[in-house]
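Peer 1: kindly return the folded structure for what I paste below:
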Amino acid sequence: MGRILHLAALLAGLGPLAAAAQPPQTQTPAPMVREAMEKLDWMVGDWRGEGWRVMPGGREEFQVDEKVRHELGGLIILVHGQGWSVAEDGSKVEGHKAFGVFSYDAYAQSYHFDAFVKEGYQTRNRPDVGDNSFRWSHPAGPGAEMRYYARLTDAGEWLETGERCEAETCVQTFEMRLKRASTE
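Peer 2: Coordinates of the predicted model:
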């Protein structure tokens, strides 16, 4: 019994030492994250436009809406995209439907872009974020990769292109051109 009490006293005495070994709590990373996320502010708002993509049956043209919002006080940006084509009878046929989340990891000092589409595919990327632009890519099968580039043009349009690359050969498979309908 004396041995157990001695061990308990020893462990209790180590408590303050363990607490002192922890780094001091400083300011949260929120201000740094918000500052990094400001590079993507050009996207925030409602956008509408048109585009095309290559599908197994050939090239498909579509209309698209993108709704981009700040969340968590500017710590993340949510992107909701919905595209459609018009059937011969004039009805809308849903095509593209996606949801994306941009975030910034203050400790790793890197951006993340998580994208989800209605077909069940999802990707996690570390986009290269520039001034009024970003690039990202994801695997597209053995030896293949999809690469995307989105930017704000001098005319104030959101221009996004995509290409499928295998080895050194890349073929454009996607283009979307949007105009701002409103801001957040």
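Peer 1: and the residue most central in space within the chain, what element?
Peer 2: Using C-alpha atoms, centre = their mean, the residue of the chain that lies closest to the mean C-alpha position is F113, 2.5 Å off. With secondary structure defined by DSSP states H and E, F113 is part of strand 110-117.
Peer 1: in the sheet, who's paired with the residue nearest to the centre of the chain?
Peer 2: Applying DSSP bridges to F113 gives these bridge partners: F102, N125.
Peer 1: show the contacting residues for it.
Peer 2: Applying C-beta atoms under 8 Å, 6 or more residues apart in numbering, one finds that F113 lies in contact with G100, V101, F102, T123, R124, N125, R126, P127, F134, W136. Any C-beta I mention is one placed from the backbone N, CA and C, and that applies to glycine too.
Peer 1: kindly report the same for E60.
Peer 2: By C-beta under 8 Å, 6+ apart, E60 lies in contact with W52, R53, V54, S85, G95.
Peer 1: so in terms of bridging, what pairs with E145?
Peer 2: As for beta bridges, E145 partners with P139, C165 under DSSP bridges.
Peer 1: repeat for the one 5 residues further on
Peer 2: When bridges are assigned using DSSP bridges, the partners listed for A150 are F134, E160.
Peer 1: what do you get for E66?
Peer 2: When bridges are assigned using DSSP bridges, the partners listed for E66 are W47, G81.
Peer 1: let me know whether it touches V79 as I believe.
Peer 2: Yes: here E66 reaches V79: they are 6.4 Å apart, a contact under C-beta atoms under 8 Å.
Peer 1: neighbour count winner among these two?
Peer 2: E66 (23 against 20; other C-beta atoms under 10 Å).
Peer 1: which ones are touching that one?
Peer 2: For E66, the contacting residues are M43, D46, W47, R48, V79, H80, G81, W158, L178, taking C-beta under 8 Å, 6+ apart as the criterion.
Peer 1: how about G49?
Peer 2: Shown here is G49, whose contacts under the criterion C-beta under 8 Å, 6+ apart are Q63, V64, E157, W158, M176, R177, L178, K179.
Peer 1: and it, what helix or strand is that in?
Peer 2: Secondary structure here is read from DSSP H and E; on that basis G49 sits in strand 45-55.
Peer 1: just give me the neighbour total for the nearest residue to R48 once chain neighbours are set aside.
Peer 2: The spatial neighbour of R48 that comes closest, neighbours along the chain excluded (C-beta to C-beta, 6 or more residues apart in numbering), is A181 at 4.9 Å. Applying the criterion other C-beta under 10 Å, we find 13 residues in the vicinity of A181.
Peer 1: now do V129
Peer 2: For V129, using other C-beta under 10 Å, the count is 19.
Peer 1: returning to what we had before: need the max-distance pair from the contacts of E60.
Peer 2: With distances taken as C-beta to C-beta, the most widely separated pair in these is V54 and S85, at 13.9 Å.
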